[in-house]
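Novice: Using only what follows, build the 3D model:
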Amino acid sequence: MIAVAAFYLFASIMIGSAAAVILSRNPVHSVLWLILAFFNAAGLMLLVGAEFIAMLLVIVYVGAVAVLFLFVVMMLNIDLAEVRSGFARYGIFGAAIAAVLAIEIGVADESWHSGALQLDSRVAVTPDVATMPNIQALGAELYTHYLLIFEGAGLVLLVAMIGAIVLTHRPAKGVRAQNVGSQVRRRPQDATRNMNPEVGAGMEL
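Specialist: Numbers count the residues shown, from 1 in each chain. Alright, predicted model coming up:
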């Protein structure tokens with residue numbers, strides 16, 4: 001009974017905070033609502049026994065991603081009037097996409113419960129938690145049956161990072177670039193000169 005009440009409490013707060021992220025007029029308030037949604041999602045993960053995912057939500061998403069979003073939003077000079085006009089302009093389009101996603105999630109859930117999606121019998125859907133810890137079970141599934149998908153996700157993130165660097169890189173003006181090829185081809189006699197100055201003549205620069 002307590003678990004059911006906790007589920008409805010976490011789920012209702014998470015849905016409400018997720019809606020507040022979209023409907024809030026202040027971007028800083030949206031990020032704060034997002035942090036609240038992450039905390040409640042971590043509570044839901046604890047209820048189903050996924051302690052590792054719950055700690056990831058708190059440590060990674062709340063402690064790093066959401067805080068980074070908050071710093072970026074606070075440092076940027078965001079025109080709230082322009083943001084509101086864009087929300088009003090694309091509100092119908094966003095609502096249509098949300099409706100399509102909701103329908104897809106409903107169809108997938110119905111197919112799962114009706115047995116239309118048959119899994120391979122060799123793949124354990126629910127690992128034996130009595131003999132295998134949560135993190136070990138997650139690692140075993142991730143690095144065996146889903147290894148190629150995991151590596152593909154890593155490649156996608158690498159390409160996205162390189163693309164972001166290329167798109168945002170701007171060459172600085174008035175800065176002399178380093179020519180590695182000329183430095184490698186340089187000979188010792190080009191770098192030093194043997195001088196035999198007379199007494200009291202000093203050195204020529």
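
Novice: who's in contact with A54?
Specialist: Contact analysis of A54 by CB atoms under 8 Å, 6 or more residues apart in numbering lists A42, G43, M45, L46. All C-beta spots, glycine's among them, are computed from the backbone N, C-alpha and C.

Novice: mind running it again at 7 Å?
Specialist: A42, M45, L46 (CB atoms under 7 Å, 6 or more residues apart in numbering).

Novice: Which ones among those lie within helices?
Specialist: The members of the contacts of A54 that map onto helices under DSSP state H are A42, M45, L46.

Novice: Moving C-terminal from the helix or strand of the chain with the lowest mean pLDDT, which element do we reach first?
Specialist: Ranked by mean pLDDT, DSSP states H and E, the helix or strand of the chain with the weakest confidence is helix 80-89, at a mean of 66. Next helix or strand after helix 80-89 toward the C-terminus (DSSP states H and E): helix 91-114.

Novice: For that next one, buried residues please.
Specialist: Of the residues in helix 91-114, none count as buried by neighbour count, 16 or more other CB atoms under 10 Å.

Novice: neighbouring contacts of the helix or strand just after it?
Specialist: Using DSSP H and E, the helix or strand that follows helix 91-114 in sequence is helix 134-142. Helix 134-142 is contacted from outside by G49, A50, E51, F52, P127, F150, using CB under 7 Å, 6+ apart.

Novice: ok, how many other residues are close to the first one?
Specialist: Residues within reach of G49, counting by other CB atoms under 10 Å, total 12.

Novice: same deal with the second one?
Specialist: Close neighbours of A50, defined as other CB under 10 Å, add up to 18.

Novice: got a pLDDT number for it?
Specialist: Looking at A50, its pLDDT reads 81.

Novice: Over to the residue nearest the centre of the chain. Which of the three states is it?
Specialist: With distances taken as CA atoms, centre = their mean, V65 lies nearest the centre of the chain, 6.8 Å away. In terms of secondary structure, V65 is helix; the call rests on DSSP: H, G, I helix; E, B strand; the rest coil.
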